[in-house]
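J.: sequence unavailable; structure follows:
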């Protein structure tokens, strides 16, 4: 688009804006791509069924527990639990029940072994060995102690193991029997008697050869404590059997369960679901057969529960899919009902739901491409998009249904929707910087969906509604207006109520500050109604202890390094009542030299029987040698299984399974061990190491709770500060007023305070997930309040007018957003349920704040616009139209070459237009008046508006250069002069003249030209924004001999003007921006009418001087063209006859308007002039 320097070519080449029809192809193409790609994404999207991906990586507590669960619980294992129906928390009692359970487990194991996916089925052994809790417990019964001793012996180096074999020959046993008889004959003390009874063959030295020397003192203390306790209670058999501090039988919980191992670990939730379904089907069929044929009459059969990683993945994935279907169906139904209840329209609703479905596909595509999976938290994204995305569609529908769509209003709404979409997407996008990966994924999905629905709402939906012309119900407008009027009438009462509420909150602070608004309990994140979790708790508990109470550490290193770490912990233990420390149990469980297979192959069969027979010959009772015989019987059993299984068999399957739950191979060839050592000791060891290289990581749910709470609080503090800064910047860009920014911030504080009050009322609190959602709520609150403040400012503070335009959309969008966030409450994920509930309370507070508190604050803090003014349309930038910046411009003009200065100023002008769409919109409205087309192209108008600001910046560069450079350099920029003779004739007449021009080009250059011609000129101006700027510009003009006359409200100004004219001076005035309440005449432009002031004609009639229209425009080569019209006389009768003034003003316009139309980008009209009907002066 090029400007013409003169109007000679206006008829053929003046700027025109052609109407281009909206391209339907792009929205259709985008929708097609979304459908195709979305189907692929949904079909291939994985569901992350674990909670660990939601937590911050890098935290030692997170990595420790995650590593323990990953390495110590195989993905190939399922645990089948028989839970008593109706009471899963109490174990079965009675020998008949126990025997029936044992028989049923055998039947189930036989049936499950026939499944093709199953590799083995073994009885469940609680970590380590039966009766020993690892980590955290401290009790070993007799059988457990014997199993430990046998395992340590069989893992001894082969050379040491042969010493044991040598002791079990008939000759060696007979000799040992005689030695024992002699030792007893010597009247040993109680301690010697106990040691002889526990270990008559001296196996202790062989069994404990692998124990580090640093642990020996602890073992000696333990041995002394055991003996002392046994002697004190007078019960040698207790020490002999190795059972200390054993719980009462009634308190023990023996959970019947089976461990099912598959050939390979199932990959993906579908494979896990198939495995779980197959196992459940086989187990339930066997249970039904047992009930029919073997179960005693009247006995209630146990329920079958499955746990383990495959069970969790299958259960949570299935639950996630079902929850998503329920939530989407519920949210869609409620949103549709609410929309229909307000607008009674079905077809537009169908279109809106279609566009929301496309936005959901966009979010699914983002999840598939960026993450490849959908976690538990991101399940809510569909409902959030459904609720929040509905807002934009409602705004578009409301505009069309209320008959408010014009080209101007439609452009304004589209900008508002994109501003809102970007703001809300940015609110969610802030979560990308959260420490919690789950929120990072949610941020991307929501941002993609919101931007997609904003695109379709501002393109396709607008076209559909523009053709269908919907009509809103009649009640909406009067009800909205009545509500706004009622709020205005009672604003004083509401203001006092708000102040009273603030006072009450301050007075009651000591009470409500004690309330726990944030509860980081991790059980709030666990899935409700989970059979897998119920079964896990059942098998993990012992003597009333829960698995999540366990604390310990996971150690990585060689077996020797792990034993050394355990010995270090063991040396610090205090043994109460002789309790076996768990670290000792784990130390004894660790594999040794790797000679176990060789040892068992060289073990003599039936060694336990031979030992018992020789001891019997020596005269020892069976109870005296029971402990040693039990150990030898276990090794005999392993030897028998070794012979039965052959060369490739493994007789230690059950023991290895027990150990596998506590140890696992590491990728670097070392090993992991789940050690029941002190968490504080683990943290002291790990504090100086990074997670990647740490050899000790804590395993503690309590520590995890503490770390997650601290991380969440850090995130909220950091993200809230970031979000608050972004809000201040956004509000300042939107309002350019610190008062209006403060109103938005006070509305935010009020909404958060209201949220706290609602949490207190419902006795609820924030969880980890909902705490991190606070930045989202901040964005939504600002979204509502920002729009309402803008509408109030636009309507001059009229609450009634603001309610007519925004009350129903804000209320309806608040309801739909509440539905979107609240839909997860119907699901089974507690994290999402709490998130939805808290966000619903926050959204209710945001809507109430926007509809009630914002109008009260606005009415209290913002003065109403003066009558007759065009509110919100200043002709200058409040932040840039300052004396200091004018001085800076002059300084730059002194040092910079003019082309560089022009480029810089033009770039600044273009950038200002790009950053201030509200200002650009006013210029586009004015430029539309220059187009003969009834519907100019909006895009072309916006480009022309930005070009106008660029030309204005270049004109300012020339203006500053004129003030600091030689006069000859400025005059050299004038390449064309027309009408000089008219000015000279008026000057010779000695009556002066009124030089009339518009805000066209560098009109200040005319003053320099007049001075060069020898004509005296006075410039009539309005007051500048500040006295400093008025003085600066007056001094600037005085350099060229131009006097400044400031137009005020008193009559003395007119006396002064008449004096200048009688002295033969020229008075320079601007005509195209009438003063408030001044009389105007409608001047025809190609695209409409523009009011021109008749004040210059009135002045000419009173002074008896002519009007001369002038113009100064920039040519394409950067020079300027100046022109003056022939004199336009104004009869003296014009002072009394308005028609005479109108006629003279129209003559001026006839000469001036062609120059404006020919050079649209140099018409610096930055306000929308009032129409003659509004500013007739009557």
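T.: Arrived safely, thanks for sending. Computed from a predicted model, the values in this text were never measured in an experiment. Numbering: from 1, shown residues only.
J.: which element is the closest residue to residue 944 other than its chain neighbours on?
T.: The spatially closest residue to residue 944, leaving aside those adjacent along the chain, is residue 927, at 5.1 Å (Cβ to Cβ, 6 or more residues apart in numbering). From N, CA and C alone the C-beta is placed, and that goes for glycine too. According to DSSP states H and E, residue 927 maps onto helix 917-928.
J.: do the same with residue 464
T.: Residue 464 belongs to helix 460-468, assigned by DSSP H and E.
J.: thought residue 695 was touching residue 557?
T.: Yes - applying Cβ atoms under 8 Å, one finds residue 695 in contact with residue 557, separated by 5.6 Å.
J.: buried residues in whichever helix or strand comes after the helix holding residue 464?
T.: Beyond helix 460-468 on the C-terminal side, the first helix or strand identified by DSSP H and E is helix 476-489. Buried residues in helix 476-489, counted by 16 or more other Cβ atoms under 10 Å: 476-477, 480-481, 483-484, 487-488.
J.: same check, this time on stretch 425-436
T.: Buried residues in stretch 425-436, counted by 16+ other Cβ under 10 Å: 425-431, 434-436.
J.: and it, end to end?
T.: With Cα to Cα, to the nearest Å as the measure, stretch 425-436 spans 18 Å from end to end.
J.: now swap in stretch 961-976 and tell me
T.: OK, stretch 961-976 end separation, Cα to Cα: 20 Å.
J.: which elements pack onto the helix holding residue 464?
T.: Counting contacts by 3 or more Cβ pairs under 8 Å, 6 or more residues apart in numbering; DSSP states H and E, helix 460-468 packs against helix 347-366, helix 381-401.
J.: tell me which of those helices lies nearest to residue 708.
T.: helix 381-401 (22.1 Å; Cβ to Cβ).
J.: after that closest one comes which helix or strand?
T.: Heading C-terminal from helix 381-401, the first helix or strand you meet, by DSSP H and E, is helix 407-429.
J.: let me see the mean pLDDT of that following helix.
T.: When pLDDT is averaged over helix 407-429, the result is 77.
J.: ok, now how distant is the residue of the chain most remote from its centre from residue 600?
T.: Distance from the C-alpha centroid of the chain peaks at residue 185, with 80.8 Å (Cα atoms, centre = their mean). From residue 185 across to residue 600, the span is 37 Å (Cβ to Cβ, to the nearest Å).
J.: same thing with residue 473?
T.: As judged by Cβ to Cβ, residue 473 and residue 600 stand 88 Å apart.
J.: looking at the two, which one has more neighbours?
T.: Between residue 473 and residue 600, counted using other Cβ atoms under 10 Å, the more crowded position is residue 600 (19 against 14).
J.: the more buried one touches residue 639, doesn't it?
T.: Yes - Residue 600 is in contact with residue 639 according to Cβ under 8 Å; the separation is 5.5 Å.
J.: between the two, which contacts overlap?
T.: residue 651 (Cβ atoms under 8 Å, 6 or more residues apart in numbering).
J.: for the residue nearest the centre of the chain, what are its contacts?
T.: In the chain, the centroid-proximal residue (Cα atoms, centre = their mean) is residue 431; its distance is 3.2 Å. By Cβ under 8 Å, 6+ apart, the contact set of residue 431 is 439-440, 442-443, 719, 772, 775-776.
J.: ranking by neighbours, what's the top pick from those?
T.: The most neighbours of any of these, using other Cβ under 10 Å, belong to residue 442, which has 30 neighbours.
J.: hmm, that one is touching residue 427, no?
T.: No - between residue 442 and residue 427 there is no contact under Cβ under 8 Å: 11.7 Å.
J.: follow-up on the earlier one: could I get the buried residue list for the helix or strand just after the helix holding residue 927?
T.: Downstream of helix 917-928, the next assigned helix or strand under DSSP H and E is helix 938-964. Neighbour-count burial for helix 938-964, counted by 16+ other Cβ under 10 Å, picks out 938, 940-964.
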